[in-house]
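Student: Please work out how this folds:
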Amino acid sequence: MKQENTVINAILSRRSVRQYTAEQVTQEALDIIIQCAVYAPSALHLQSWQVRVVQNRDLLQRLNNSFVEYAKGKELKGSAAR
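Tutor: Predicted coordinates:
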């Protein structure tokens, strides 16, 4: 099968990342990702979502710790349960 369509290529080559590097995402890459998110479809075209981009390591750690404290003793579903 000839794969010239970029959407098909993206679907066929998709993967899940389980480990991350300490390298920051470039502003150019973030801009592209955010633009894609803005153009992505949403339920009933309501776009009832919000996006936060945090690259400050200390703030990320504080957010993570806050969530862990919040989650203690709660029965969470999906990936949050891990």
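
Student: which residues touch Trp49?
Tutor: Trp49 is in contact with Ser42, counting by Cβ atoms under 8 Å, 6 or more residues apart in numbering. From N, CA and C alone the C-beta is placed, and that goes for glycine too.

Student: when you give positions from now on, start the count at 53
Tutor: All set: I'll call the first residue 53, so the last point we hit is now Trp101.

Student: For it, which three-state class applies?
Tutor: Using DSSP: H, G, I helix; E, B strand; the rest coil, the secondary structure recorded for Trp101 is coil.

Student: swap in Arg114?
Tutor: Of the three states, Arg114 takes helix under three-state DSSP.

Student: where does it sit relative to Thr78, distance-wise?
Tutor: In this view, Arg114 and Thr78 are 24 Å apart by Cβ to Cβ, to the nearest Å.

Student: Between those two, point out the one with more neighbours.
Tutor: Looking at Arg114 and Thr78 with other Cβ atoms under 10 Å, you find the greater number of neighbours at Arg114, namely 12 against 9.

Student: can you pull the contacts of the more buried one?
Tutor: When the contact criterion is Cβ under 8 Å, 6+ apart, Arg114 has no partners at all.

Student: and Leu115, how many neighbours does it have?
Tutor: Leu115: 13 surrounding residues under other Cβ under 10 Å.
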